[in-house]
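missing the sequence, but the structure's below:
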């Protein structure tokens, strides 16, 4: 029985390529800061920063 709503299957939506994004961020940071003075960011922190960036993008798109 059709409900009238188009539902997308969860399997169709690919998760964001976090590893590729994290590597790109890491390369960019290494370019900017040739000799970092601190320890590298833990993976958990990188994940949180990526989620924050995605939320910021969503909000900016919604307000535009």
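Sure, I can see it. What you see is a predicted model; the values in this text were computed from it and never measured.

who touches the residue nearest the centre of the chain in this structure?
With distances taken as CA atoms, centre = their mean, the residue of the chain nearest its centroid is residue 50 (3.8 Å). Counting by CB atoms under 8 Å, 6 or more residues apart in numbering, residue 50 touches 16, 18, 21-22, 25. For glycine as for every other residue, the C-beta is placed from the backbone atoms N, C-alpha and C.

can I get the buried ones among the residues you listed as something I can paste into PyMOL?
Buried residues within these, by 16 or more other CB atoms under 10 Å, are selected in PyMOL with:
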select buried, resi 21+22
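
pull the residues that contact the helix or strand of the chain with the lowest mean pLDDT.
Lowest mean confidence among the helices and strands of the chain (mean pLDDT, DSSP states H and E): helix 18-32, at a mean of 85. With CB under 8 Å, 6+ apart as the test, helix 18-32 has contacts from 36, 40, 43, 46-47, 49-50.

let's see that with 6 Å instead.
Under the criterion CB atoms under 6 Å, 6 or more residues apart in numbering, residues 46, 50 lie in contact with helix 18-32.

pull out the buried positions in that helix.
For helix 18-32, burial by neighbour count (16+ other CB under 10 Å) applies to 21-22.

quick one on the thing from earlier: does the residue nearest to the centre of the chain belong to a helix or a strand, and which?
Per DSSP states H and E: residue 50 is located in helix 43-63.

re the thing from before, ok and the least confident helix or strand of the chain relative to helix 43-63, angle-wise?
Interaxial angle, helix 18-32 versus helix 43-63 (axes from the mean of the first three to the mean of the last three CA atoms, to 10 degrees): 100 degrees.

returning to that earlier point: nearest to residue 63, out of the contacts of residue 50: which one, please.
Using CB to CB, residue 16 comes nearest to residue 63 of the contacts of residue 50, at 21.7 Å.

got a pLDDT number for that closest one?
Here the pLDDT value assigned to residue 16 is 68.
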